[in-house]
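Asks: predicted model and sequence below, questions to follow.
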Amino acid sequence: MYFIQFLLLFPLLFNYSVEQPVLVRLHYDETTPSPSGAQVIKLSGDLQGRTYKIRMAHYKEGVVSYKILNEQAYVIKDTVFSIRIAVEPLHAHEVDFTVEGETQIVEKAEVEDVLHSILLETYPTRTYTSNDTIPLTSYTSGALYEVMVEGKKQQAGSYCDVRNAKLPPKEWHEAFNMKEYIWFDLFFE
């Protein structure tokens, strides 16, 4: 009998000891002078006191490599916080990413197409919670298409097709036949 009571009470005890997920709203600050070179992402919700990490994901030719950019988790001090991500081309195949939140992190990356790549919003298809890994922004040359220009086939790109598809970045290579791109995401601990 006591065993059955314990089994019935155990889930209640577990629910009270685990932090419940909360809604997280994501908003891109449109006042940034050059959204293709720097983006400010605002996140809001009942987030005060929660901790988070930022991760960079690099998709290249079928393989995704991940790197946590802040080994020490950041603590959110309010219900709204901002993260600024900027990119600066260094050479034909190398860029610097600057991620500003609680501190400033600079991360170098080698990419094939620096000339045509920009920071691009990762519009969500649904509302996120604190249990989700939340894509913040990406660095991509967009979806490439062959078009006819004056009777000749040429490649053209579309950033809007990628952004407006509202797909998670990890699915872009399949949907748009992309060979390489980078995205940044956030997850709560």
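Replies: Cool, got the structure.
Asks: list of residues touching the longest strand anywhere in the chain?
Replies: Looking across the chain with DSSP state E, the single longest strand is strand 80-91. Residues from elsewhere that reach strand 80-91, judged by CB atoms under 8 Å, 6 or more residues apart in numbering: 29, 37-44, 47, 54, 95-101, 108, 114-115, 117-119, 136-137, 139, 184, 186. Glycine gets a C-beta too; all of them are placed from N, C-alpha and C.
Asks: check stretch 63-70 too.
Replies: For stretch 63-70, contacts defined as CB under 8 Å, 6+ apart pick out 53-58, 99, 101-103, 105, 107, 170, 184.
Asks: of those, which is the most crowded?
Replies: In terms of neighbours by other CB atoms under 10 Å, the contacts of stretch 63-70 top out with F184 at 25 neighbours.
Asks: and it, what helix or strand is that in?
Replies: For F184, the host element (DSSP states H and E) is strand 180-188.
Asks: helices or strands next to that strand in the packing?
Replies: Counting contacts by 3 or more CB pairs under 8 Å, 6 or more residues apart in numbering; DSSP states H and E, strand 180-188 is packed against strand 51-60, strand 94-100, strand 133-140.
Asks: who does the first one pair with, and is each partner parallel or antiparallel?
Replies: Sheet pairing of strand 51-60 (DSSP bridges) gives strand 63-68 (antiparallel), strand 74-75 (antiparallel), strand 180-188 (antiparallel).
Asks: report the buried residues of stretch 30-40.
Replies: Neighbour-count burial for stretch 30-40, counted by 16 or more other CB atoms under 10 Å, picks out T32, P35, A38, Q39, V40.
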